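[1] A predicted structure for the sequence below; I have some questions about it.
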Amino acid sequence: MAMISVGDVLVDGAVLDAFFSCDLDACAGCCCVEGELGAPLTPAEAALLEHPPGQLLRMLPEKSARWIARHGSVEVYQGTLYTRTVDSRECVFAVERDRVTLCAIEIAFREGIAGYNKPLSCRLFPIRVRKKFGLAYLVYEEHAMCRAARRLGGELQMPLVDYLSTALEELYGREWVESLAAFRKPSSKS
C-alpha cells in the first residue's frame, strides 16, 4: 500500500500492512539497549525527565544513576531531544529484571512512583513520527531485533495499528485512530 493521508497526518502503507506483538521472552527488551541514541522526547517529556524523582533514580542500576548525575538524563542531537544512553548503548532508564530489559519510567508509572509514563516514542515503537511535506509522517521501522514480534503478530493476526492503538490514540485521538483503521485491508483483524 502506498502512503495515505488521515487528516493532516501522512501514514506509510507499511504501518497498515504490518502485524506485530512484542515478544519480550524472545527479544529480552533489546530496543532499550540497541542504538547510539536514546528515546526521542517531546519538550514536555524532556522537562519531566531532566530531574527524575529520587525513587525513580533508586530503581536504576548504579552505573546509570552515576551517568545521570554526571551527564544528565536528556541530550540534544541535531535539534532533537533524546534520553541519554550509557556509553552510547542502553538508555539511562533501562533496568534488567529476570534477564529482560525494561523501562524504569514505565515501572515507576505503574507503581505510582512517577506521574508520567515512558516516552510516547517508546510506546509507539516500531512506528516513528517523521516529517514529510511539513506534515507528521508515520513510518514503520522494521528492525531485525523485532523479528520475533513480527512472527508473533502474524501468528496472532495482530495488526501493528491495533497493537499500538493506545499510543496512537494518545497522540492523535480516538476518532483519528478509527479513521486510520478504515484504511486497513479487509483481511486484517478488526
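    Good, I have the coordinates. What you see is a predicted model; the values in this text were computed from it and never measured.
[2] Which of the helices or strands spans the most centrally placed residue in the chain?
    In the chain, the centroid-proximal residue (Cα atoms, centre = their mean) is Cys122; its distance is 1.6 Å. Per DSSP states H and E: Cys122 is located in helix 120-124.
[3] ok, back up a step: wait, what's in contact with the residue nearest to the centre of the chain?
    31, 39, 103, 106 (Cβ atoms under 8 Å, 6 or more residues apart in numbering). Heads up, the C-betas are built off the backbone N, CA and C, glycines and all.
[4] got the residue ranges for the strands in the protein?
    4-6, 9-11, 40-41, 74-77, 80-83, 85-86, 90-91, 94-97, 100-103, 127-132, 135-140 (DSSP state E).
[5] low-scoring stretches of this protein, by residue?
    Applying pLDDT under 70 to the chain flags the ranges 1, 185-190.
[6] Which stretches in it count as helices?
    Using DSSP state H, the helices of the chain run over 13-17, 24-27, 43-50, 54-59, 62-71, 104-110, 120-124, 147-156, 160-163, 165-172, 174-181.
[7] Can you tell me which of the ones you listed is packed in deepest?
    helix 160-163 (a mean of 22; mean count of other Cβ atoms under 10 Å).
[8] Got the domain ranges for the chain?
    Domain assignment for the chain by automatic domain parsing gives 1-20+126-190, 28-118.
[9] where's the last one relative to the chain centroid, distance-wise?
    Between the mean C-alpha point of domain 28-118 and the mean C-alpha point of its chain there is a distance of 12 Å (Cα atoms, centre = their mean, to the nearest Å).
[10] now stretch 123-130
    Per Cα atoms, centre = their mean, the centroid offset for stretch 123-130 relative to its chain is 6 Å.
[11] Excluding its own residues, what touches it? List them.
    The contact list for stretch 123-130, computed with Cβ under 8 Å, 6+ apart, reads 15, 20, 31, 40, 117, 121, 136-143, 146, 149, 160, 164, 166-168, 170-171.
[12] Go through that stretch and flag the buried ones.
    123-127 (16 or more other Cβ atoms under 10 Å).
[13] OK, contacts around the residue lying closest to Leu168 once chain neighbours are set aside?
    Once flanking residues are discounted, Leu168 sits nearest to Val177: 5.1 Å by Cβ to Cβ, 6 or more residues apart in numbering. Counting by Cβ under 8 Å, 6+ apart, Val177 touches 161, 165, 168-169.
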